[in-house]
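*Asks:* Next one to model:
(2 chains)
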Number of protein chains: 2
Amino acid sequence: MSEATPATAKPAKVLIGAEQLKSLVAGIFAARGARPDDAAAVADTLVWANLRGVDSHGVSRVPRYLELFDKGESVADAVPTVERPRAAIAIVDAHAAPGPVAMIRAADEAIAGARDCGIGWASVRGTVHTGAIGYYASRIADAGMAAVGVVAGVPNMAYAGVKGAAVATSPLAVAVPAGKHQVVLLDMATAVMALGRIAQLKAAGKELPPGVALTAEGEPTTDPALAKVPTPVGGAKGGGMSLVFEMLASGLVGNPIVPSFHSGSKEGRRHRQNGFLLAIDVSAFLPVDEFTATIDDTVDAIKALPPAAGTSEILVPGERGRRTEAERGASGIPLGPKVWRELTEIATSLDVPVPATLS
Amino acid sequence: MSEATPATAKPAKVLIGAEQLKSLVAGIFAARGARPDDAAAVADTLVWANLRGVDSHGVSRVPRYLELFDKGESVADAVPTVERPRAAIAIVDAHAAPGPVAMIRAADEAIAGARDCGIGWASVRGTVHTGAIGYYASRIADAGMAAVGVVAGVPNMAYAGVKGAAVATSPLAVAVPAGKHQVVLLDMATAVMALGRIAQLKAAGKELPPGVALTAEGEPTTDPALAKVPTPVGGAKGGGMSLVFEMLASGLVGNPIVPSFHSGSKEGRRHRQNGFLLAIDVSAFLPVDEFTATIDDTVDAIKALPPAAGTSEILVPGERGRRTEAERGASGIPLGPKVWRELTEIATSLDVPVPATLS
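*Replies:* So this is what the prediction gives:
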């Protein structure tokens, strides 16, 4: 399937402890004007993604946030404001605060609504880069509740019948608390393959698997040089999911991204995101022990099924990430040399101390 | 791609008016003991699916309901009971009432919760065959609200790494009210291709497209004779969606299907479904006109994008179904001769009058 690639030695990765990495990132955000709690929240969210192996949503994004601060498209010390028009719903206006600041506030508002009414919803208006949204769903699950989360952003994905990018790779996260098992955590983009993974294969000159990308003309391709737009899962289904996610996430806060983007105006292409989180207070439905025992039984039943040829173990959503988290939590997070160089250069320029690495 | 098939003449379809078909189906359910309103609700739900071209979820299912009545697995005159443990949530126990009876009640409960709290959730416990769940999401949208719906059932779909059927083709429906445009309605199974469509291709001896089914050994196949289990959209993503849908739909009502099914007991294989509906009261978030204008703009933006080669028109979710509905509403619903024969035989045996057909 893949074309031959030159056998060059890969530059060595840097290994750094999770706490050291959080401290570095929090230091950078604080130095750029974020309040200490907000700086810590952003650091915790990004490093969580690295811990779970989702490096595309981790600390490699720090330079991008700073660029958004420079352009005024994000505001490091913006204070989100909250309206609660009815008992179960909250609207969090991010005022361009970084994603983690707005989304963590939304998670807490959704939890508060659910404690009161059985379920709670929080919409987020006008934030930037929310990162791995499983983080916010997990925060709700840690409060003993089930969670659903969606984020909408600037179009970068195909849609059935359209030539170029039409909708965003809008992710969906669902978290379900279990008993003896860990939280079941689905955290998926509506694209078949993450943009970051396609970029990796392109950089390596490797052929793409069929069905993951289209050319500029809207034709399917496996040629990395011609691949321009990632395709949605299930064709019309994934594109449809992304479109209705945009309608719910952006429509309910009156801040539409898709029509604005396609209007062709410069403002329309500005990076921004909206989202929502739903918290479901399990204890309002049935005794929590009964619920978590059911989830445990369901996990056990799936994992005990006869495996297909070539499969050594059947996994449930979130399981792989949690193993990586345990591993990286114990032995450190590997960062590519480019990411590490960028972070240390930024830190040095801001007089933020650079922690010692493990390798 | 497809193997040669004998060029036999297809038996002629029967064409029948939607109201006539509803009256026939309602008559059958009433004769089998359903209260008149419930009989009409089931008929309306099934004929809605036929009107929209989703014939696999329409009146062809009538014999299956009657079989469930015969076995005592569904109860024609069961009266669902409702608990409202907190202001925004309701639990509808179907007591084995047919899906439409329980789900319509749930839609109305979700709407009531949303009017009160901004959002409303209704879980449904222990119903059978819910049909095309877009019907219930549309009912909520007709009340001016956005809707999300999910149904969980007996495992019949693949899951990453499992050899046979592991999870259900659990559908997701999302309805968003628009202004000048019709309601945007996503109504999708988590399988790549509907079971009914696979069965059609199998019956015709046609090769399946790649990626839609696995063999009994869990290997991908395009051979209709070897295809046993449909595959989920996006591989691990669709299987993960189905699994967390089961956890939310069945777990919150303490009526797990997946572990019970895989326990191997006869009871575990009994047909049953759980589900939930979420209603979002748009007017609690922002003026409804502002919201629907945004949805209209979003629809317009998508439909105006440059089409890919071979595409004459870009569609939004629900658009194709609504066109079929207009067409079939005006000129009648085509039914296969087998379906029509079954319905008329049942009607005759129950002394239910058989309406005149259009052809």
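*Asks:* If you drop the residues flanking it in sequence, what lies closest to A:Glu342?
*Replies:* A:Pro63 (5.4 Å; C-beta to C-beta, 6 or more residues apart in numbering or on different chains). Any C-beta I mention is one placed from the backbone N, CA and C, and that applies to glycine too.
*Asks:* so which helix or strand takes in the one you found?
*Replies:* helix A:62-71 (DSSP states H and E).
*Asks:* Just give me the neighbour total for A:Thr294.
*Replies:* 26 (other C-beta atoms under 10 Å in any protein chain shown).
*Asks:* Which secondary structure state does the most centrally placed residue in chain A sit in?
*Replies:* Nearest residue to the geometric centre of chain A (C-alpha atoms, centre = their mean): A:Ala132, 1.9 Å. Look at A:Ala132: counting by DSSP: H, G, I helix; E, B strand; the rest coil, its state is coil.
*Asks:* Which parts of the stretch 1-150 of chain A are strands?
*Replies:* A:14-16, A:81-86, A:89-93, A:119-127, A:146-152 (DSSP state E, counting those that start in this stretch).
*Asks:* got JSON lines for the ones you listed, with mean neighbour count, distance to A:Ser23 and mean pLDDT too?
*Replies:* Below are the strands of the stretch 1-150 of chain A laid out as JSON lines (neighbours: other C-beta atoms under 10 Å in any protein chain shown; distance: least, C-beta to C-beta, whole Å; pLDDT from 0 to 100):
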{"stretch": "strand A:14-16", "mean neighbour count": "20", "distance to A:Ser23": "10", "mean pLDDT": "97"}
{"stretch": "strand A:81-86", "mean neighbour count": "15", "distance to A:Ser23": "29", "mean pLDDT": "98"}
{"stretch": "strand A:89-93", "mean neighbour count": "26", "distance to A:Ser23": "27", "mean pLDDT": "98"}
{"stretch": "strand A:119-127", "mean neighbour count": "29", "distance to A:Ser23": "24", "mean pLDDT": "98"}
{"stretch": "strand A:146-152", "mean neighbour count": "28", "distance to A:Ser23": "27", "mean pLDDT": "98"}
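*Asks:* export those to CSV and tack on distance to chain B?
*Replies:* Converted to CSV, the strands of the stretch 1-150 of chain A look like this (distance: least, C-beta to the nearest C-beta, whole Å):
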stretch, distance to chain B
strand A:14-16, 28
strand A:81-86, 3
strand A:89-93, 3
strand A:119-127, 5
strand A:146-152, 6
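*Asks:* so where's chain A shaky on pLDDT?
*Replies:* In the predicted model, chain A carries pLDDT under 70 at residues A:1-10.
*Asks:* quick one: the helices in it?
*Replies:* Secondary structure of chain A (DSSP state H): helices at A:18-31, A:36-51, A:62-71, A:99-117, A:134-142, A:195-203, A:236-251, A:258-262, A:282-285, A:288-303, A:319-331, A:337-349.
*Asks:* what about A:Ile104, how many residues close to it?
*Replies:* Neighbours of A:Ile104 (other C-beta under 10 Å): 22.
*Asks:* Please tell me how far it sits from A:Phe69.
*Replies:* A:Ile104 sits 19 Å away from A:Phe69, taking C-beta to C-beta, to the nearest Å as the criterion.
*Asks:* follow-up on the earlier one: A:Pro334 versus the residue nearest to the centre of chain A, what's the distance?
*Replies:* 17 Å.
*Asks:* One more: A:Thr344?
*Replies:* A:Thr344 sits 15 Å away from A:Pro334 when distances are taken as C-beta to C-beta.
*Asks:* okay but A:Ala194 is in contact with A:Asp55, surely?
*Replies:* No - with contact defined as C-beta atoms under 8 Å, A:Ala194 does not reach A:Asp55; the gap is 10.4 Å.
*Asks:* Now for the residue nearest to the centre of chain A: which residues touch it?
*Replies:* Counting by C-beta atoms under 8 Å, 6 or more residues apart in numbering or on different chains, A:Ala132 makes contact with A:Thr45, A:Trp48, A:Ala49, A:Arg52, A:Val54, A:His57, A:Gly58, A:Asp187.
*Asks:* Looking at these, which one is closest to A:Gly99?
*Replies:* Closest to A:Gly99 out of those is A:Thr45 (7.6 Å), distances taken as C-beta to C-beta.
*Asks:* Not counting residues beside it along the chain, what's closest to the closest one?
*Replies:* Closest residue in space to A:Thr45, ignoring its immediate chain neighbours: A:Pro100 at 3.8 Å, by C-beta to C-beta, 6+ apart.
*Asks:* same thing with A:Ile280?
*Replies:* A:Ala146 (4.2 Å).
*Asks:* Report how many residues lie close to the closest residue to A:Glu290 other than its chain neighbours.
*Replies:* Using C-beta to C-beta, 6+ apart and skipping residues adjacent in sequence, the residue nearest A:Glu290 is B:Gly254, 5.6 Å away. Neighbourhood size, B:Gly254 [other C-beta under 10 Å]: 17.
*Asks:* again with A:Gly153
*Replies:* Applying other C-beta under 10 Å, we find 29 residues neighbouring A:Gly153.
*Asks:* I'd say it and A:Gln273 touch.
*Replies:* Yes - using C-beta under 8 Å, A:Gly153 is in contact with A:Gln273, at 4.6 Å.
*Asks:* what sits in contact with each of these two?
*Replies:* A:Ile257.
*Asks:* Show me what from the stretch 51-200 of chain A comes close to chain B.
*Replies:* Counting by C-beta under 8 Å from any C-beta of the partner chain, the stretch 51-200 of chain A comes close to chain B at A:85-89, A:91, A:116-119, A:121, A:123, A:146, A:159-164, A:166-167, A:172, A:174, A:176, A:184, A:186, A:188, A:192.
*Asks:* Who are the contact partners of the nearest residue to A:Ala216 once chain neighbours are set aside?
*Replies:* Once flanking residues are discounted, A:Ala216 sits nearest to A:Lys228: 4.7 Å by C-beta to C-beta, 6+ apart. The neighbours of A:Lys228, taking C-beta under 8 Å, 6+ apart as the test, are A:Gly164, A:Ala213, A:Leu214, A:Thr215, A:Ala216.
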